[in-house]
Structures are given as structure tokens and as C-alpha cells.
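Colleague: Provided below are the primary sequence and the corresponding predicted coordinates.
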Number of protein chains: 2
Amino acid sequence: MSHPPPQSIHHEMRNVENSAAYLLPKLLAMKKSNPRLAILDVGAGSGSISASFAKAIPEGRVTATDKNKGILLRAAAVAELAGVSNIEFQEADVFKLPFADGTFDVTHCHQVLTHLKAPVDALREMLRVTKPGGIVAAREGDYDTECVWPNTPALTKFHEFAAGCINKLAGGSTSAGRQLLSWALQAGAEESQVTASFGTWCYSTPADKQGWTEGIVNTIRNKEGALRKGGLATGMTTEEDLEEMAKGWEEWNQTDGATLGMLHGEVIIQK
Amino acid sequence: MSHPPPQSIHHEMRNVENSAAYLLPKLLAMKKSNPRLAILDVGAGSGSISASFAKAIPEGRVTATDKNKGILLRAAAVAELAGVSNIEFQEADVFKLPFADGTFDVTHCHQVLTHLKAPVDALREMLRVTKPGGIVAAREGDYDTECVWPNTPALTKFHEFAAGCINKLAGGSTSAGRQLLSWALQAGAEESQVTASFGTWCYSTPADKQGWTEGIVNTIRNKEGALRKGGLATGMTTEEDLEEMAKGWEEWNQTDGATLGMLHGEVIIQK
């Protein structure tokens, strides 16, 4: 099994229960009338949510795609570890999904649109490959709402750096969560077809804060990581700043009553 | 029945299900072992949550307090409308609650600490009147995380004005939600006694947005309202700015895909 990059360890705690709870009642209702659901998980990354979908629909089938072929090797290993085999992996561009119109019952993405320059085009393509009567479901962070207590100059520096990476480096948006309903309408959905909600991240227990801090500190210090390499290459940050940010998170983790919260937008589009 | 101030109409949509969902499983478990629970609802305002508590524990008893005697008349009317009689109302200062130590099984507040200069003292007093084995529960907005889409200069102006009212006029905090865990520890709780979470506001359906807009526009334009009177008296805003803000919300309400979200901090302290 390939060794996961540090960020993946944090990402691989994700599953349907903690990252797609808004979708679960609808998914279970759909499964009741058709146990052989076909789910497409777009931008699946290391695939822990995809594997969790596969577990949830043992008679159905999950297709997990990502534009990064390498991460799909990791996703295959994650699925194997989870003991699921009703899943397949395919390299794919979200703007040109290699599937016929109306192929899937559920087309899902999690923290994908927030990183794209043209999220509406991606949603339109997701709607295309979804069956009439099926759904498109998306959950996207709204990084501008991230809040930490206590806040410090080092954590403000990190927030601004990470926001810059999303907005400038990736060309995405740190206010994706609040825009999901608007994007769904621009992609062709009628308002009556869309159910919008917000979910949260809450890091406040010692174990959760420790896990968060380890993940983020490893990401900051990882010499091969995109955040560090991209940030240094573009002059958005310096070695000294990065070390200050890492130490800021370690200090936060040691502070009594420390808390981190964030809003995530969620939409279900009924096709 | 007294005519409610405009803000109350919005507030009176609040009930245990939409405003204390984080507390509901614990409350139902406590009620199972003791149906005659005594609940104290501090800063109850017009009391729709208090009445909802009374409905939830028909064999128990709710005491609703507020420092504003006038609003408790409205709360009594709300309780009567809701058809509950296991509730009583009492004018009280949250810093000097007129109850003996260990009087209540559940001591609750909603959007109270965020408006106080000394929220930790209030929590300490709430813990004092709570029985050993009982709980203190609080849910407080984190107004700094409020996000609207689309944003406009008028809505930014409103956000800054409203934040100024909370921070300066009332001496409270627009980051109360994220600080709740920290405040609980400062009030004497051990970390192992506290369960912290975040809830959300989501206004994205036409009906919800219409209700929100009416409530906020009436509050802005209400000549007798604290927001308008306080804002004008202190020079924090002008008649022209207030009208621009009201029109900004009306315009927002007419915009396709408009959305409003906000984080709320939630804590349950096990005594």
C-alpha cells in the first residue's frame, strides 16, 4: 500500500456519516426503492467517502473519479482496507466526464467545486450524467467563515495564506458554501429542485484538535506538499512564516478551550 | 394580547426543535428517568423556546426569566397561545438569579451571553442554580461568521452596524459562538464536563428568506426599536444609511440563489 501524503490522513477520516449526513436520508430512501443504485463520486481524492458510499449500498455500485491518477491508487487501497469491492476507479476531468447522459442515480462531490475556476460548468456536467429522477449532491466549504478561538497573529497569517491558495493559486473560491444554491440555479436547476442547507466542522475535543493540528502541521511542513511548494514558489509565503504558522497551530492545540468551526454549504438537486 | 414588537415576530418562530436541537437527545434522556424536570430558561425574551420546553415536559415545570419585565407579558401570551400552563415567569438578573443553589435540572439560555459584558459570570451563576447531576445548556450566535450571498455594500454596511451594536452598544461579543467552550471552562467546568458543538442558520428557501427580510427590515425601520434608536443616538448610523440597509435586504430577498448562513456555538455542561 502506498504511503499516504500527510493531508490524506486527515481526509481519510471522512465518511458518509461525517461528510454527507445531509444526503443520507435521501440516499437511504432511494436505496429502499432501488438497492442497485449507481453512484458517481467526482473528485474522490483518496476515496474514503467513496468507500463509505460503497458500504452503504452493498448491492449498488460506486464509480470514483479524480483528475489525479496517483491519488486513485491510494483510493483503491482505502477501499480494499474498508473491505468493499463494489467500487471502481477512473481518471476523469470533471468538466468532461467520460459517461453517457443519465448514467448515475446519484452524482456526488465533496470539497471539489470550491477549488475550481468554473464550478457552474462542473455542476452542469454532473447534472448531465445523472438520470432523470436522480440527484446531484454537493458539499463545499465556506473558508471565509472558518473561525478559531483563541485567534493569534500566526493563525490569522495561516488563514490568509490558505485563503490565498484557494482563491489565487487554485482559482477557486473561499465563499463556495454560500454560493452553492446560486451555482445550482446557474447550472440549469429550478429553485424548486434544490434543497440547500449548511453543515459545520467543529473541532473542540482534545482528540479532534490533536488530529486537526497534526494534519495541518504536517501539511505545512511537508517539503513535497502543494501548499508549501506552491506558496514558496509564488512568493505567497516564506519558510519563516510557514514555521510560525505550524507553531501557531501547535500552541492553539495546547490552549484550554480552543475551538475551530466552519460552515459548509450543501445542496441536493433533484433532476 | 399585547402587540409584539417587529423583532419578536422573527424570534417567536424559535422553538426547541429549531433552536435547541443539540440539547434535545439529552433532555429526552433526562425526562425518561425523571418526567418532572425543572427547567430554567434565562433571558427568555418573548418565550417561544420556553413554551416549547414546557410542551416537551408536560409533567415538568419551566421557569422563564428576563431582566425586561415587559417582554415577559408577551412571553405569558405566547405560552397561553401555545396552550401550556406548566410555566411561570419571573423578572430576574442573570448575574443574581433569585434561586437557591441546585434548584434546576436544566438551566438554559439562547442568544443571551453574546449580549453580555461578563458572560463567564452569567454562566457561573447558571451553574450555581443547577442541581448536581443537572446540566447547563447554552447556544450563542457567532455573528462574525454570518455570510450572505450575494453580498452588497448595503449588506456589508448592515453587518458592520449590527456588529457594532453587539460589540459596542451592548458590550457583548460577535464571536460568542466560538468562545463558549472557553467561557464554560472559565466558569469552573472541567473540559470532561463540556460537550461543544456548532449549529447553523440557513435561510435559502423563498419562505425563509421572506420571513427573515420582513423581520430585519421591520427592525431597521421601527422608530421605537433599540437598534434604530441606539444607532442614531450614538451616531453609529444615519437615517439614510438605515434606509439603504433596509432596501439592501429587500433587494437580496429578490435575488435568485440568495442565501444567508451563520454558525452558532452550543455547549452542554454536565454538573
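Modeller: Nice, thanks for sending it over.

Colleague: From now on I want contacts and neighbour counts done on CA atoms only, so please keep to that.
Modeller: OK.

Colleague: what's around A:I220, how many residues?
Modeller: 24 (other Cα atoms under 10 Å in any protein chain shown).

Colleague: tell me the average confidence for the regular element (helix or strand) spanning it?
Modeller: Using DSSP states H and E, the element containing A:I220 is helix A:206-221. Across helix A:206-221, pLDDT averages out at 95.

Colleague: and if you look at stretch A:186-198?
Modeller: pLDDT averaged over stretch A:186-198 gives 97.

Colleague: Check the offset of it from the chain's centre.
Modeller: Here the centre of mass of C-alpha atoms in stretch A:186-198, compared against the chain's by Cα atoms, centre = their mean, to the nearest Å, lies 19 Å away.

Colleague: What separates the first and last residues of it, distance-wise?
Modeller: End-to-end distance for stretch A:186-198, by Cα to Cα, to the nearest Å: 19 Å.

Colleague: for stretch A:77-92, same thing?
Modeller: Stretch A:77-92 has an end-to-end distance of 19 Å (Cα to Cα).

Colleague: ok, now stretch A:30-41?
Modeller: Per Cα to Cα, stretch A:30-41 runs 16 Å from first to last residue.

Colleague: buried stuff in it?
Modeller: Of the residues in stretch A:30-41, A:30-31, A:35, A:37-41 count as buried by neighbour count, 16 or more other Cα atoms under 10 Å in any protein chain shown.

Colleague: Closest one of the residues you listed to B:K209?
Modeller: A:M30 (29.2 Å; Cα to Cα).

Colleague: Please state the offset of whichever helix or strand A:A54 is part of from the chain centre?
Modeller: Using DSSP H and E, the element containing A:A54 is helix A:48-56. Offset of helix A:48-56 from its chain centre (Cα atoms, centre = their mean): 14 Å.

Colleague: same question, stretch A:209-219
Modeller: The answer for stretch A:209-219 is 17 Å, by Cα atoms, centre = their mean.

Colleague: which residue ranges form the strands in the stretch 1-150 of chain A?
Modeller: For the stretch 1-150 of chain A, applying DSSP state E, counting those that start in this stretch gives strands covering A:38-42, A:61-66, A:87-91, A:104-110, A:130-141, A:147-149.

Colleague: What parts of chain A come near chain B?
Modeller: A:144-150, A:178-179, A:181-183, A:185, A:191, A:196-202, A:204-205, A:256-263 (Cα under 8 Å from any Cα of the partner chain).

Colleague: related to what we said a few turns ago, and the angle from the helix holding A:A54 to strand A:104-110?
Modeller: 150 degrees (axes from the mean of the first three to the mean of the last three Cα atoms, to 10 degrees).

Colleague: contacting residues around the residue in the stretch 1-150 of chain A positioned nearest to chain B?
Modeller: Using Cα to the nearest Cα, the closest approach of the stretch 1-150 of chain A to chain B is made by A:T145 at 4.9 Å. For A:T145, the contacting residues are A:261-263, B:144-147, by Cα atoms under 8 Å, 6 or more residues apart in numbering or on different chains.

Colleague: cool, A:A100 as well?
Modeller: A:V129.

Colleague: that older thread, next, format the strands of the stretch 1-150 of chain A as JSON lines and append mean pLDDT and distance to B:F161.
Modeller: As requested, the strands of the stretch 1-150 of chain A are exported to JSON lines (pLDDT from 0 to 100; distance: least, Cα to Cα, whole Å):
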{"stretch": "strand A:38-42", "mean pLDDT": "98", "distance to B:F161": "41"}
{"stretch": "strand A:61-66", "mean pLDDT": "98", "distance to B:F161": "44"}
{"stretch": "strand A:87-91", "mean pLDDT": "98", "distance to B:F161": "49"}
{"stretch": "strand A:104-110", "mean pLDDT": "98", "distance to B:F161": "35"}
{"stretch": "strand A:130-141", "mean pLDDT": "98", "distance to B:F161": "27"}
{"stretch": "strand A:147-149", "mean pLDDT": "98", "distance to B:F161": "20"}
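
Colleague: I'd like those strands as TSV, with distance to B:R14 appended.
Modeller: Output for the strands of the stretch 1-150 of chain A, formatted as TSV (distance: least, Cα to Cα, whole Å):
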stretch	distance to B:R14
strand A:38-42	37
strand A:61-66	40
strand A:87-91	44
strand A:104-110	31
strand A:130-141	26
strand A:147-149	25
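
Colleague: and B:L127, which of these is closest to it?
Modeller: Nearest to B:L127, of all the strands of the stretch 1-150 of chain A, is strand A:147-149, at 22.8 Å by Cα to Cα.

Colleague: Report the buried residues of the closest one.
Modeller: Residues A:147-149 are the ones in strand A:147-149 that count as buried (16+ other Cα under 10 Å).

Colleague: Surely A:S197 and A:V267 touch.
Modeller: Yes. Judged on Cα atoms under 8 Å, A:S197 makes contact with A:V267 at a distance of 6.4 Å.

Colleague: I figured A:T63 hits A:S85, correct?
Modeller: No. Counting by Cα under 8 Å, A:T63 does not reach A:S85; the two are 11.2 Å apart.

Colleague: Those two - which one has more neighbours?
Modeller: In this view A:T63 and A:S85 are compared by other Cα under 10 Å, and A:T63 has more residues nearby, 21 against 15.

Colleague: Tell me what that one is bridged to.
Modeller: Assessed by DSSP bridges, A:T63 has beta-bridge partners A:L40, A:E88.

Colleague: for it, what are its contacts?
Modeller: With contacts defined as Cα under 8 Å, 6+ apart, A:T63 is in contact with A:38-41, A:50, A:87-90.

Colleague: for A:M245, same thing?
Modeller: A:154-155, A:157-158, A:220.

Colleague: Save those residues as JSON lines, and put in secondary structure and distance to B:V78 too.
Modeller: As requested, the contacts of A:M245 are exported to JSON lines (DSSP: H, G, I helix; E, B strand; the rest coil; distance: Cα to Cα, whole Å):
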{"residue": "A:A154", "secondary structure": "helix", "distance to B:V78": "48"}
{"residue": "A:L155", "secondary structure": "helix", "distance to B:V78": "45"}
{"residue": "A:K157", "secondary structure": "helix", "distance to B:V78": "48"}
{"residue": "A:F158", "secondary structure": "helix", "distance to B:V78": "48"}
{"residue": "A:I220", "secondary structure": "helix", "distance to B:V78": "54"}
